[in-house]
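Asker: The sequence and its predicted three-dimensional model are supplied below.
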Amino acid sequence: MAKRIHELFNLNGKVSIVTGAAMGIGKGIALRLAEAGASVVVADINLEEASKTSDEMTAAGYKVKAVQADASKLADIERVIATTIDTFGDLHILVNNAGIYPFAPSLEMPEALWNKTIDINLKGYMFFAQAAAKAMLSKNHGGKIINIASIDSFHPTGNLAHYDASKGGVIMLTKALGKEWAPMGILVNAIAPGAVLTPGGASSMDFSKMTREQIEGMSKAFLDHIPLGRQGEPDDIAKIALFLASEAADYMVGATIIADGGYLVG
Ligand SMILES: NC(=O)c1ccc[n+]([C@@H]2O[C@H](COP(=O)([O-])OP(=O)(O)OC[C@H]3O[C@@H](n4cnc5c(N)ncnc54)[C@H](O)[C@@H]3O)[C@@H](O)[C@H]2O)c1
């Protein structure tokens with residue numbers, strides 16, 4: 001008999017890591033995984049904000065631990081995995097979400113900014129996935145790995161060549177790891193969000209030099225490109241991450257789900 005819907009989305013007994021979960025999309029995903037019953041490790045470079053998020057989640061009755069980590073550093077990745085196993089005894093779900101998107105025109109792109117963006121947004125995803133997969137296999141089971149890509153994986157924004165290249169890479173990394181690891185029961189998939197209202201999104205634009213009319217004009221022009229007529233909320237992406245982490249997505253491998261209010265077809 002096929003599983004009932006409430007069983008399919010039940011993550012009781014599952015252990016997850018969400019990178020960049022102190023705020024924004026990652027926090028939204030951490031909340032949904034925890035609500036479904038998973039233990040959640042909030043791995044973030046910003047310990048102060050990660051601790052606030054974990055305090056909030058603990059107060060809601062969720063099983064959570066904040067760990068300070070730079071997702072682009074292999075030693076930090078190993079430490080997060082070890083802390084997860086020490087604290088919750090296992091690992092079943094990894095969400096690679098930590099990412100940066102600092103605007104920079106390509107003619108003036110500093111090498112250091114290119115390297116930092118690729119290191120966090122692409123290299124970090126690879127080596128977090130590798131370490132998580134090894135941990136899952138060492139426990140004699142598979143798992144779910146969810147990579148947060150972007151509509152910029154498909155369509156450049158402008159002045160984000162480093163970011164667009166990293167996010168294009170995330171889609172192919174997802175396919176490659178999906179193909180290689182599916183026979184071992186590790187299912188790798190991605191989500192490509194459109195414009196989502198987050199602290200990072202707000203601070204990436206420098207509104208200080210713009211007039212109110214310019215800001216409103218820009219916002220309207222942007223919203224006109226989104227058939228749904230609104231930006232996304234972190235929970236718009238979190239609900240899809242919950243689906244991919246659940247047994248409802250057990251036949252998905254190397255896929256990318258686009259969630260952009262229709263931007264790419266607008
Ligand atoms: N917000 C959007 O419109 C949007 C659209 C498409 C894709 N995305 C992607 O979604 C993800 C989250 O974006 P967001 O808007 O929620 O960002 P955000 O800036 O609001 O939050 C990002 C979180 O990641 C953490 N972080 C940054 N660098 C880190 C590192 N090296 N190691 C560990 N943690 C680190 C930050 O401290 C922060 O808590 C990113 O990968 C981003 O590229 C966002």
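Answerer: It's in.

Asker: From here on, just use CA atoms for contacts and neighbour counts.
Answerer: Will do.

Asker: What is the subsequent helix or strand relative to the strand ranked longest in the chain?
Answerer: When secondary structure is assigned using DSSP state E, the longest strand within the chain turns out to be strand 186-193. For strand 186-193, the succeeding helix or strand toward the C-terminus, using DSSP states H and E, is helix 199-204.

Asker: Could you pull out the buried residues of that following helix?
Answerer: Under the neighbour-count criterion of 16 or more other C-alpha atoms under 10 Å, helix 199-204 has residue 200 buried.

Asker: do the same with stretch 149-166
Answerer: If you call a residue buried by 16+ other C-alpha under 10 Å, then stretch 149-166 has these buried ones: 149-153, 159-166.

Asker: got the CA positions of that stretch in CSV?
Answerer: Presented in CSV, the C-alpha positions along stretch 149-166 are these (Å, rounded to 0.1, in the frame of the first residue of the first chain):
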residue,chain,number,x,y,z
ALA,A,149,20.8,27.3,-7.6
SER,A,150,19.1,30.4,-9.0
ILE,A,151,17.3,31.7,-12.0
ASP,A,152,20.7,33.2,-12.8
SER,A,153,21.8,29.6,-13.6
PHE,A,154,19.7,30.2,-16.8
HIS,A,155,19.4,33.9,-17.3
PRO,A,156,22.1,36.5,-16.4
THR,A,157,21.1,39.5,-14.3
GLY,A,158,23.9,41.8,-15.3
ASN,A,159,27.0,42.7,-13.3
LEU,A,160,26.9,39.2,-11.7
ALA,A,161,29.1,37.1,-14.1
HIS,A,162,30.9,35.5,-11.2
TYR,A,163,27.6,34.6,-9.5
ASP,A,164,25.9,33.5,-12.7
ALA,A,165,28.9,31.2,-13.5
SER,A,166,28.8,29.7,-10.0
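
Asker: centre of the chain versus it, how much separation?
Answerer: Taking C-alpha atoms, centre = their mean, to the nearest Å, one finds the center of stretch 149-166 at 15 Å from the center of the full chain.

Asker: Quickly check: that stretch near the ligand or not.
Answerer: Yes - for a cut-off given as C-alpha under 6 Å from any ligand atom, stretch 149-166 has contacts with the ligand, namely 149-150.

Asker: residue boundaries of the helices in the stretch 151-266 of the chain?
Answerer: When secondary structure is read from DSSP state H, counting those that start in this stretch, the stretch 151-266 of the chain shows helices at 161-181, 199-204, 212-224, 234-245.

Asker: burial count for the residue nearest to residue 46 when sequence neighbours are not counted?
Answerer: Nearest non-adjacent residue to residue 46, counting by C-alpha to C-alpha, 6 or more residues apart in numbering: residue 68, 6.5 Å away. For residue 68, the neighbour count with other C-alpha atoms under 10 Å is 21.

Asker: Could you do the one 5 residues further on as well?
Answerer: Using other C-alpha under 10 Å, residue 73 has 15 neighbouring residues.

Asker: mind checking how far it is from residue 170?
Answerer: Using C-alpha to C-alpha, to the nearest Å, one gets 17 Å for the distance from residue 73 to residue 170.

Asker: what sits against the closest residue to the ligand within the stretch 151-266 of the chain?
Answerer: When distances are taken as C-alpha to the nearest ligand atom, the stretch 151-266 of the chain approaches the ligand most closely through residue 200, which lies 3.1 Å from it. Residue 200 is in contact with 24, 100, counting by C-alpha atoms under 8 Å, 6 or more residues apart in numbering.

Asker: how about the strands in the protein?
Answerer: Secondary structure of the chain by DSSP E: the strands cover 15-19, 39-44, 64-68, 93-96, 143-148, 186-193, 256-259.

Asker: Report how many residues lie close to residue 173.
Answerer: Other residues within reach of residue 173, judged by other C-alpha under 10 Å, total 21.
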